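Enquirer: The sequence and its predicted three-dimensional model are supplied below.
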Amino acid sequence: MHQCTAKGVNGELLTALEVRRLPTRADRNRALLGHVKSSMPANPLAPKRRPRRRHPKMLPDGARPGLVEVVNAARDAMVVTWLSDTSLRIGGLCGLHLADLHLREDAACGECKSPHLHVCHRWGNTNRAAAKIKPDWQMVDGTVTGGEIYRVSPAMISTYFAYMTTEYAKHATGHGMLLIQLAGPNIGEPWTADAARGMLRRAGRRAELPGRITPKAFRHQFTNDVLDASGGDPLVAKAAGDWASMQMLDEVYGHPDLHSPEFTEALKTVWGEEE
């Protein structure tokens with residue numbers, strides 16, 4: 001600032017530096033979360049941040065069949081199936097209402113020809129379940145439109161009807177939400193995301209799966225499987241996983257699997273071990 005002021009060098013930089021203090025990481029995090037709107041600019045002299053490589057935790061081998069075998073309710077089997085066949089977050093899943101489900105071809109919303117569901121953020125959910133991404137949605141002539149749209153597999157529809165015709169029909173209390181409690185003093189009331197996490201954790205222990213089974217691992221596993229099935233096409237993975245940006249997808253999955261056959265073969269070629 002002294003050089004800029006005394007010698008008149010780079011007036012734009014002087015203007016950018018005329019702040020009382022530069023924002024801390026906590027300031028920037030709060031601004032990103034929307035808690036505060038920071039007016040402090042980032043350091044104009046700081047180097048550009050390189051993409052941070054992340055290594056997401058996947059599900060252990062055989063997790064899906066192992067969990068389905070040991071769960072105690074049709075609701076829990078449906079949760080395992082729905083998390084496995086989509087990239088749904090647990091908050092969005094527990095916040096679903098029956099009106100959000102369009103489980104037939106050519107639904108009235110006109111936004112997806114295949115069976116699908118809409119994740120709609122509602123502030124008034126009694127179980128406090130909230131969608132992480134909050135695109136606009138509305139009810140048009142009794143039909144939900146907008147929100148996050150996820151396609152639905154035949155297995156998801158099958159487990160849905162098994163749950164609805166048994167446990168839901170027996171215990172639901174008319175609130176219109178999809179997942180309900182099946183025991184205890186609040187039977188029939190909406191099921192919370194924390195309760196769903198606890199169910200997966202206990203089921204993982206009963207199935208003797210290594211590590212802790214979390215809802216996020218299903219999302220990572222699904223995206224990774226879609227990438228493999230599409231030949232590594234990031235556009236397909238982004239659309240199927242409903243990821244917010246290609247940058248996020250690249251940071252999480254844009255690096256090779258160190259245990260993949262392709263990676264091993266490449267190393268052998270470099271090491272001169274190929275026949």
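Expert: Looks like it came in fine.
Enquirer: Return the set of buried residues in stretch 175-193.
Expert: Residues of stretch 175-193 classed as buried: 177-182, 188-193 (neighbour count, 16 or more other C-beta atoms under 10 Å). C-betas here are computed from N, CA, C, even on glycine.
Enquirer: Equivalent analysis for stretch 160-176, please.
Expert: 160, 162-164, 167-168, 172.
Enquirer: Quick one: mean pLDDT over it.
Expert: For stretch 160-176, mean pLDDT rounds to 95.
Enquirer: Same check on stretch 183-200?
Expert: On average, stretch 183-200 scores 96.
Enquirer: Can you measure across that stretch, start residue to end residue?
Expert: Taking C-alpha to C-alpha, to the nearest Å as the measure, stretch 183-200 stretches 17 Å from start to finish.
Enquirer: How far does that stretch sit from its chain's centre?
Expert: 20 Å (C-alpha atoms, centre = their mean, to the nearest Å).
Enquirer: Save the buried residues of stretch 160-176 as JSON lines, and put in secondary structure too.
Expert: Compiled in JSON lines, the buried residues of stretch 160-176 are given as follows (DSSP: H, G, I helix; E, B strand; the rest coil):
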{"residue": "Tyr160", "secondary structure": "helix"}
{"residue": "Ala162", "secondary structure": "helix"}
{"residue": "Tyr163", "secondary structure": "helix"}
{"residue": "Met164", "secondary structure": "helix"}
{"residue": "Glu167", "secondary structure": "helix"}
{"residue": "Tyr168", "secondary structure": "helix"}
{"residue": "Ala172", "secondary structure": "coil"}
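Enquirer: Go through the buried residues of stretch 175-193 and say which is closest to Asp61.
Expert: Ala193 (26.1 Å; C-beta to C-beta).
Enquirer: can I see the domain layout of the chain?
Expert: The record's domain parsing of the chain by automatic domain parsing lists 1-49, 63-216.
Enquirer: ok, for the residue most central in space within the chain, nearest residue in space, not its chain neighbours?
Expert: Nearest to the mean C-alpha position of the chain, counting by C-alpha atoms, centre = their mean, stands Arg89 at 4.0 Å. Nearest non-adjacent residue to Arg89, counting by C-beta to C-beta, 6 or more residues apart in numbering: Lys132, 5.5 Å away.
Enquirer: Of the buried residues of stretch 175-193, which belong to helices?
Expert: Under the assignment DSSP state H, the buried residues of stretch 175-193 contribute Ala193 to helices.
Enquirer: Now the two most distant members of the buried residues of stretch 175-193.
Expert: Maximum distance among those (C-beta to C-beta): 17.9 Å, for Gly188 and Ala193.
Enquirer: so what does the host helix or strand of Leu67 touch, helix or strand wise?
Expert: Using DSSP states H and E, Leu67 maps to helix 63-70. Applying 3 or more C-beta pairs under 8 Å, 6 or more residues apart in numbering; DSSP states H and E, one finds that helix 63-70 makes contact with helix 74-85, helix 193-206.
Enquirer: And the ones you listed: which comes nearest Ala107?
Expert: helix 74-85 (17.6 Å).
Enquirer: now the helices for the stretch 101-250 of the chain?
Expert: Counting by DSSP state H, counting those that start in this stretch, the stretch 101-250 of the chain has helices at residues 154-163, 169-171, 193-206, 215-229, 234-241, 246-253.
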